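**Q** the amino acid sequence is not available; the structure is as follows:
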């Protein structure tokens, strides 16, 4: 069986080229030593500061747990606690696996094949990310729950009751539909940066398109898929709206009960600490799955696109697959929300406050995305270019913010900011969102940097650039697509953020997410439809802005 490894090829040993060979050997030695040397202060110090900021919620949890004393630790021996842990692990693992299964073929079809209308599908497949998961849960309940739309349509056929959508299945389905774009965007960015020469070599040796994909392409995009799968798993662990509305006993629902019903913040803090431990396990699994593959491009294949793979008879099944995913994750929710909106308008709903809420959401998302992307760049460079215990520690700490429930992050900032001039200011709200969503920018930026050869940085430094100048003029532009994908993810998720905006936003500074949740919490689905659709439209803007740049790249020579 043919095995093609995505490794850096050795320079050719040409006759009478002793000088060139010596310089090539010297360059290889410098590259090999780069991962063993200490990172410069302009990389290491910002990364340490970012990691320290991610520790703030953890400090809050530890303080609350210690304050509660032995009563909080008695929760560990309860059967209920074990059930919550198992439920959370099962849901996170199932959702992560399902999103990879859906997103990887979808990304390949829309970026490397002759799929009809692939520009449309590439944009439409990413748009479900703009739908908040709690809105998705409401739509799923309205469509498939008791007395829902599906039940009403099937009643004339004698079907009086559908299988229950509540519990694990409903939570798994909802989270899969509305989180697979995390994997899709990172994998698609990786696919668009791959060197096509390896796939062409496999085809010349007799491999078909499907065998080439599994033997050559799939191993190269494994780091991007692992990064996206990690984000999905952590999202599933920290999600509150879906498991609450669909009545699935997971960590976040148990924490909410402890905070609101039992009024036991010490017990809730202990549950959150267990969630942190679970997130560390997820990180260890992701690091093992990622491996040490070298996937950056070299040589003449670095600046060109591969020839699209001809689907042939698989074209119709591929179209059906794309239509099924986009229809379930995008068309169905929008259709149901449009139905609610029509009923609301017919009843004379007042929509005058929506433009201001939309402006607030865009402001929050823009500043969160900008700051998070700037903070993620030194962390990603540290992780990709340097090794050792320091970078590994920074990596684990940087991901903690996304692993913690949004409610806990918000309460931590409330505890630290209460009594200060920064409490309930826009700056504190943005800081909480940066801590919450920074791992999205780190994961995408890291995956993009893996495709940029360090030889290019060495060449820039040989031409007189400083290390910082080489990163700014060479590395960052080459990793632009992955960095922009991470910024788009942060913008979208910050616009949908709910717990932080509920607790930290200035008085009267409501976002679209708050408008939606307030109406949905009162079961006023007609009133929730208008801000929900506006939130979807506003969050879709960055996706549509990135699409034209994508089309230009497809025609690059």
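**A** Cool, got the structure. Fair warning: this is a prediction, and the values are worked out from it, not measured in the lab.
**Q** give me the most central residue, the chain.
**A** The C-alpha lying nearest the average C-alpha coordinate of the chain belongs to residue 182 (C-alpha atoms, centre = their mean; 4.0 Å).
**Q** now do the helix or strand where that one lies: which elements does it pack against?
**A** Using DSSP states H and E, residue 182 sits within helix 168-192. Applying 3 or more C-beta pairs under 8 Å, 6 or more residues apart in numbering; DSSP states H and E, one finds that helix 168-192 contacts helix 79-112, helix 133-144, helix 222-238, helix 241-245, helix 426-449, helix 480-496. All C-beta spots, glycine's among them, are computed from the backbone N, C-alpha and C.
**Q** pLDDT at residue 102, what is it?
**A** pLDDT for residue 102: 94.
**Q** show me what contacts it?
**A** Counting by C-beta atoms under 8 Å, 6 or more residues apart in numbering, residue 102 touches 176, 180, 183, 184, 325.
**Q** dump those to CSV, plus distance to residue 481 and neighbour count.
**A** Formatted as CSV, the contacts of residue 102 follow (distance: C-beta to C-beta, whole Å; neighbours: other C-beta atoms under 10 Å):
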residue, distance to residue 481, neighbour count
176, 25, 23
180, 19, 28
183, 16, 28
184, 14, 28
325, 22, 22
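**Q** let's have those residues in a markdown table, adding pLDDT and distance to residue 370.
**A** Below are those laid out as a markdown table (pLDDT from 0 to 100; distance: C-beta to C-beta, whole Å):
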| residue | pLDDT | distance to residue 370 |
| --- | --- | --- |
| 176 | 95 | 30 |
| 180 | 93 | 26 |
| 183 | 91 | 24 |
| 184 | 92 | 23 |
| 325 | 94 | 31 |
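**Q** for those residues, which one is nearest residue 233?
**A** The nearest member of the contacts of residue 102 to residue 233, counting by C-beta to C-beta, is residue 183 at 10.5 Å.
**Q** residue contacts, that closest one?
**A** Residue 183 neighbours (C-beta under 8 Å, 6+ apart): 99, 100, 102, 103, 104, 107, 225, 228, 229, 231, 232.
**Q** for those, pick the one with the most neighbours.
**A** Within the contacts of residue 183, residue 228 tops the neighbour count with 34 neighbours, counted by other C-beta atoms under 10 Å.
**Q** point out where the stretch 451-557 of the chain drops to low pLDDT.
**A** Applying pLDDT under 70 to the stretch 451-557 of the chain flags the ranges 453, 457-458, 460-473, 523, 542-557.
**Q** gap between residue 59 and residue 123?
**A** Using C-beta to C-beta, to the nearest Å, residue 59 is found at 42 Å from residue 123.
**Q** who has more neighbours, the two?
**A** Set side by side, residue 59 and residue 123 give different neighbour counts by other C-beta under 10 Å, the larger being at residue 123 (17 against 13).
**Q** now name the helix or strand holding the more buried one.
**A** Assessed by DSSP H and E, residue 123 sits inside helix 118-124.
**Q** please name every helix or strand in contact with that helix.
**A** Looks like helix 118-124 contacts helix 79-112, helix 315-326, helix 541-554 (3+ C-beta pairs under 8 Å, 6+ apart).
**Q** so for residue 525, which of those sits nearest?
**A** Of the helices and strands packed on helix 118-124, nearest to residue 525 by C-beta to C-beta is helix 315-326, at 23.3 Å.
**Q** residue 279 contacts residue 237, correct?
**A** Yes: the pair residue 279 and residue 237 passes the contact test of C-beta atoms under 8 Å, sitting 6.5 Å apart.
**Q** right, so of the helices and strands packed on helix 118-124, which gets closest to residue 409?
**A** Nearest to residue 409 among those is helix 79-112 (17.4 Å), distances taken as C-beta to C-beta.
**Q** next one: that closest one to chain centre, how far?
**A** 13 Å (C-alpha atoms, centre = their mean, to the nearest Å).
**Q** where does the spatially closest residue to residue 478 that is not a sequence neighbour land in three-state SS?
**A** Excluding the flanking residues, the one nearest residue 478 by C-beta to C-beta, 6 or more residues apart in numbering is residue 452, at 4.7 Å. When classified by DSSP: H, G, I helix; E, B strand; the rest coil, residue 452 comes out as coil.
**Q** between the helix or strand encompassing residue 377 and helix 222-238, how many degrees?
**A** Residue 377 belongs to helix 354-385 when assigned by DSSP H and E. Between helix 354-385 and helix 222-238, the angle comes out at 130 degrees (axes from the mean of the first three to the mean of the last three C-alpha atoms, to 10 degrees).
**Q** which strands or helices does helix 354-385 pack on?
**A** Using 3+ C-beta pairs under 8 Å, 6+ apart, helix 354-385 is in contact with helix 41-54, helix 389-403, helix 426-449, helix 480-496, helix 512-521, helix 525-539.
**Q** no further questions, thank you.
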